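Student: got a sequence here, can you model it:
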Amino acid sequence: MSIEVNNLTKIYGAQKAVDGISFSIQKGEIVGFLGPNGAGKSTTMKMITGYLQPDSGYALVSGIPVTSKPIEVKQRVGYLPEANALYYDMYVREYLQFIAEIHQVKHARKRIEEMITLTGLTVESNKKTGQLSKGYKQRVGLAAALIHDPEVLILDEPTSGLDPNQIIEIREVIRRQGKEKTILFSSHILQEVTAICDRVIIINHGKIVADDQLSKLQNMNESSHLVIVHFKETVDQHLLYTIKEVESVQNLQPGLFKLTTQQPDSVKKQLLELSLHHDYNIVSLQTESQSLEEVFRSLTQTNASLKTI
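Tutor: Numbering: from 1, shown residues only. Modelled structure (predicted):
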């Protein structure tokens, strides 16, 4: 196992920021770490990387205990924190050279150029880091995290501040790195998690509320299904409530509805009958799994005061 977390706990005053969580991640896995603001994601990542000491429990990276051997762990971990701290008076290459020297990287100049190309920094590489946009500063942080070719990558909001095109580029970098490394990353962009990850861990109030393959999470509520129906005509959504098995109706746009039901086959049959009776034309009719956003909300909306994605 590249990452092993066992009963990890961190307490701030009367609040348990992280409350006895346990999980493990194998080499080659890219795992999305999700949760509302203040759920304990960043605290957990800081404990795994050795930047913060747990109050109880332990973490291992490549079998090495983080608490007793933090330097050895840092040699094997690439970490991009949520607050990406850079030396703003240093030029991009100068900063990466500084990080490479800390890690005693062999053939540092060659490695620096590889990282500049990999993270798309070429056009901005002659600037000081303080002159860069937030998105390019994030790229410098990612290059620094990768400079020593770590076994494990811990990325806290790696696409923060990037525009849509940059997000796609960095997504590909993360995906390629995941073939050889273990990657744990958090994000508030659920589409990114869906695009990159096969497995998701969701944390809420310091506790893990879900840890499974993305496909299984999306089908976790087997008693509730989504039926998507698209009428050519504008239809009053109250008419759809006349179908007994329909629990809720969401009007996505004129003629397009998302229905929640425990009996999808029966509902689809009745929708066809309804369309014939009212002379409506159905453009499409299908059953869908829950989106990651819907799963996330169902698992974390236990407290109305929580800030959610």
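Student: which helix or which strand is home to residue 276?
Tutor: Assigned by DSSP states H and E, residue 276 falls within helix 264-277.
Student: ok, residues contacting that helix?
Tutor: 225-227, 229, 231, 239-240, 242-243, 245-246, 259, 261, 280-282, 285, 287 (CB atoms under 8 Å, 6 or more residues apart in numbering). All C-beta atoms are positioned from the backbone trio N, CA, C, and that covers glycine.
Student: which of those are buried?
Tutor: 225, 226, 227, 229, 231, 240, 243, 246, 259, 261, 280, 282 (16 or more other CB atoms under 10 Å).
Student: what ranges does the protein have for its helices?
Tutor: With DSSP state H as the criterion, the chain has helices at 41-49, 70-76, 92-102, 108-118, 134-146, 164-177, 190-196, 214-218, 237-240, 264-277, 292-300.
Student: so which of those is nearest residue 206?
Tutor: helix 41-49 (8.3 Å; CB to CB).
Student: packing partners of the closest one?
Tutor: Applying 3 or more CB pairs under 8 Å, 6 or more residues apart in numbering; DSSP states H and E, one finds that helix 41-49 makes contact with strand 3-12, strand 15-25, strand 30-34, strand 56-61, strand 77-80, strand 152-156, strand 182-186.
Student: how about those, which one is nearest residue 216?
Tutor: strand 30-34 (13.8 Å).
Student: how long is stretch 113-125 end to end?
Tutor: 10 Å (CA to CA, to the nearest Å).
Student: out of the buried ones among the contacts of helix 264-277, which one sits closest to residue 187?
Tutor: residue 226 (23.7 Å).
Student: nearest residue to the closest one other than its sequence neighbours?
Tutor: residue 288 (4.6 Å; CB to CB, 6 or more residues apart in numbering).
Student: give me the number of residues near that neighbour?
Tutor: Neighbours of residue 288 under the rule other CB atoms under 10 Å: 12.
Student: about what we covered before: from the buried ones among the contacts of helix 264-277, which two are the most distant?
Tutor: 225 and 280, at 21.9 Å, using CB to CB across these.
Student: follow-up on the earlier one: could you give me the buried positions within the helix holding residue 276?
Tutor: In helix 264-277, counting by 16+ other CB under 10 Å, buried: 264, 267, 268, 270, 271, 274, 275.
Student: could you find the closest non-adjacent residue to residue 151?
Tutor: residue 76 (4.7 Å).
Student: my guess is that neighbour meets residue 61, correct?
Tutor: Yes: at 5.8 Å, residue 76 and residue 61 qualify as touching, with contact defined as CB atoms under 8 Å.
Student: ok, of the buried residues of helix 264-277, which one's closest to residue 7?
Tutor: Out of those, the member with the shortest distance to residue 7 (by CB to CB) is residue 264, at 40.6 Å.
Student: the closest residue to that closest one other than its chain neighbours bridge partners, please.
Tutor: If the residues on either side of it in the chain are set aside, residue 264 comes closest to residue 225, at 4.3 Å by CB to CB, 6+ apart. On the basis of DSSP bridges, residue 225 is bridged to residue 261.
Student: circling back to that earlier point, so which of the contacts of helix 264-277 are in strands?
Tutor: 225, 226, 227, 229, 231, 246, 259, 261, 282, 285, 287 (DSSP state E).
Student: domains in the protein, by residue range?
Tutor: 3-218, 225-289 (automatic domain parsing).
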